[in-house]
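>>> model the structure of this input:
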Amino acid sequence: METVISINHGATKWDIRQKVWDYIEANNLANFPRPVHNRIPNFKGAAQACNQLKVLQEFKSSSVVKVNPDKPQEQARYCTLEAKKTLLVPTPRLRTGLFNKIVPPQGASKEDLRVCSTSQGVKDFSVPIGLDAKVKVDLVVVGSVAVSEKGYRIGKGEGYADMEYGMMVAMGAVNESTVVVTVVHDCQVVDIPEELIDSHDITVDYILTPTRVIQTKCQREKPPGIIWSKVDADMLDKIPILKKLRAMEQEAGKDVTLKKSPEGASKPERPRREPARAPKRDPKGQSRQAEHQGEPQEMAGHWEASSVPEPRAASQASVTTVYLGNIPAGVRVSELKSALREREAVPLRLTWQGAQHRAFLDYASQQTADGALAALQGLSIHGHTLQPELAKSQRGDRSRPPGQPRRRRPKASANTPAAAPDDTPSAASPDKPRRRRPTPKTKVQNPPSS
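You can find the predicted model right below:
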């Protein structure tokens with residue numbers, strides 16, 4: 001069957017996500033929450049697609065089913081509970097563990113099961129499952145942004161589904177024979193080049209849409225576990241359960257070397273406050289600090305909002321800032337971060353000013369910034385092409401020899417008149433008469449006739 005959305009040659013994962021999100025929004029194919037950008041789309045017809053689970057022999061013969069917690073897979077959770085199977089749902093963002101087992105109240109009605117299938121029900125009727133629990137998952141249901149008939153899958157870019165699967169392999173809950181199913185709208189089935197699929201990306205065996213059941217017969221191997229070289233210190237901090245798994249695998253003699261952080265992105269364990277500095281200026285000459293009051297600064301390497309400035313690994317003089325303009329309204333900082341990762345242009349520090357449709361990216365050296373500028377050319381989000389350029393305050397540094405400090409404008413002294421703005425006359429001009437305040441006119445009444 002011909003795909004609805006055509007994918008251009010050389011497209012990245014990010015390009016494919018944008019095309020799918022844009023198409024769904026433009027054709028009004030989604031329910032709440034909207035917009036679908038940066039989400040697993042809650043497409044219209046999701047319930048019908050989830051009901052296709054019932055026709056799969058692998059579902060009928062399963063005992064334990066793991067379903068992602070997103071809204072479009074709510075009906076899949078209901079079908080699992082209705083069939084009296086054990087339902088496991090991942091902990092949101094894996095903050096407190098890996099699985100929650102949904103335990104409906106005794107003698108639950110169909111309406112009770114529907115409540116248990118909702119996001120609130122998952123919170124109210126769940127029991128956490130520890131890493132030491134002997135769990136065998138027979139079937140896995142995941143959401144997708146895009147998927148191909150060959151079984152290649154693209155998520156929303158945060159990597160949690162891939163991480164969940166790797167963690168399940170590590171704890172012995174799944175293996176190569178475990179069936180993986182995704183539930184999507186028909187338009188989300190697109191052609192995905194195999195070269196975009198990495199070793200940690202999960203592939204799918206079945207695609208369920210409102211109109212079709214597609215068996216992919218995917219020949220590509222699923223992830224063999226957690227690929228630690230793809231995990232950085234940031235992810236390890238965000239997902240505490242990863243630390244425990246890493247310790248277990250290290251004890252078992254496995255290589256658990258983490259992915260290296262971007263150049264200069266390492267941070268000390270106890271960050272200290274920096275001395276106060278004059279606010280930086282953006283390309284328009286306005287104070288970035290003044291306009292950024294109340295907005296968090298996003299730090300590359302750990303990507304967390306912080307109200308305490310972190311000391312930079314590189315000296316202040318060596319940091320080069322790239323200005324990124326024309327960011328459309330409604331874009332989330334997480335979307336930009338995903339795009340930066342896709343383009344391999346992760347900065348040392350990211351200052352987000354979405355309300356002003358811009359961001360500032362700090363890189364540890366001029367060479368790194370030049371590489372990022374080249375990588376970000378043509379970057380498009382929500383149909384808008386972003387404008388990357390060297391920040392105005394540093395454009396003059398191109399001709400400055402390395403190590404030579406920037407020239408500073410001399411301060412005005414008592415004997416030197418300050419330079420006047422271009423559009424106003426000099427204060428030293430003697431011929432300019434002082435303006436007098438106009439005298440209000442007094443209304444004079446006509447004298448009465450005699």
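>>> output the below-cut-off pLDDT ranges for the stretch 251-400 of the chain.
When the per-residue scores of the stretch 251-400 of the chain are filtered using pLDDT under 70, the ranges that remain are 261-317, 394-400.
>>> can you pull out the strands in it?
Applying DSSP state E, counting those that start in this stretch to the stretch 251-400 of the chain gives strands spanning 297-298, 305-306, 320-325, 349-353, 358-363, 380-381, 384-385, 387-390.
>>> let me have those strands in a markdown table, extended by distance to residue 213.
Glycine gets a C-beta too; all of them are placed from N, C-alpha and C. As requested, the strands of the stretch 251-400 of the chain are exported to a markdown table (distance: least, Cβ to Cβ, whole Å):
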| stretch | distance to residue 213 |
| --- | --- |
| strand 297-298 | 42 |
| strand 305-306 | 43 |
| strand 320-325 | 43 |
| strand 349-353 | 42 |
| strand 358-363 | 43 |
| strand 380-381 | 34 |
| strand 384-385 | 37 |
| strand 387-390 | 44 |
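>>> pull the CA atoms of the lengthiest helix in the chain into CSV?
Taking DSSP state H as the assignment, the helix of the chain that covers the most residues is helix 13-26. These are the backbone C-alpha positions of helix 13-26, laid out as CSV (Å, rounded to 0.1, in the frame of the first residue of the first chain):
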residue,chain,number,x,y,z
LYS,A,13,14.7,11.1,12.0
TRP,A,14,13.8,14.7,13.0
ASP,A,15,12.6,15.5,9.5
ILE,A,16,10.4,12.5,9.5
ARG,A,17,8.9,13.3,12.9
GLN,A,18,8.1,16.9,11.7
LYS,A,19,6.5,15.7,8.5
VAL,A,20,4.2,13.3,10.4
TRP,A,21,3.3,15.8,13.1
ASP,A,22,2.7,18.5,10.6
TYR,A,23,0.5,16.2,8.4
ILE,A,24,-1.6,15.1,11.4
GLU,A,25,-2.2,18.7,12.5
ALA,A,26,-2.9,20.0,9.1
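>>> so how many other residues sit close to residue 69?
A count of neighbours around residue 69, defined by other Cβ atoms under 10 Å, yields 19.
>>> also the one 10 residues further on?
By the criterion of other Cβ under 10 Å, residue 79 has 24 neighbours.
>>> swap in residue 203?
For residue 203, the count of nearby residues is 21 (other Cβ under 10 Å).
>>> return the residues in contact with it.
For residue 203, the set of contacting residues under the criterion of Cβ atoms under 8 Å, 6 or more residues apart in numbering consists of 151, 152, 153, 180, 197, 216, 218, 220, 222.
>>> can you tell me the element the fourth one falls in?
Element membership of residue 180, judged by DSSP states H and E, is strand 179-183.
>>> so where is the stretch 101-250 of the chain shaky, pLDDT-wise?
Low-confidence segments of the stretch 101-250 of the chain, defined by pLDDT under 70, are absent.
>>> run through the strands of it in chain order.
All strands of the stretch 101-250 of the chain, identified by DSSP E, counting those that start in this stretch, fall at 126-129, 139-142, 146-147, 153-154, 179-183, 206-208, 213-215.
>>> returning to that earlier point: what two of the contacts of residue 203 are the furthest from one another?
Farthest-apart pair in these is 180 and 197; separation 13.7 Å (Cβ to Cβ).
>>> out of these two, which sits in the busier spot?
Each of residue 180 and residue 197 has its neighbours counted (other Cβ under 10 Å); residue 180 has more, 22 against 19.
>>> from residue 220, how far out is that one?
Look at residue 180 and residue 220: by Cβ to Cβ, to the nearest Å, they are 12 Å apart.
>>> the spatially closest residue to residue 332 that is not a sequence neighbour - how many residues pack around it?
Excluding its sequence neighbours, the residue lying closest to residue 332 (Cβ to Cβ, 6 or more residues apart in numbering) is residue 38, at 5.5 Å. Residues within reach of residue 38, counting by other Cβ under 10 Å, total 17.
>>> surely residue 38 meets residue 333?
No - here residue 38 does not reach residue 333: they are 10.0 Å apart, not a contact under Cβ atoms under 8 Å.
>>> quick one, helices of the stretch 101-250 of the chain?
In order along the chain, the stretch 101-250 of the chain carries the following helices (DSSP state H, counting those that start in this stretch): 110-117, 119-124, 160-170, 233-238, 240-251.
>>> can I get the second one as CSV, trimmed to CA atoms?
Looking back up the chat, that one is helix 119-124. Taking C-alpha atoms only, helix 119-124 is exported to CSV below (Å, rounded to 0.1, in the frame of the first residue of the first chain):
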residue,chain,number,x,y,z
SER,A,119,-3.5,7.6,33.2
GLN,A,120,-5.1,8.4,36.6
GLY,A,121,-6.2,4.8,37.0
VAL,A,122,-2.6,3.7,36.3
LYS,A,123,-1.6,5.9,39.3
ASP,A,124,-4.4,4.8,41.6
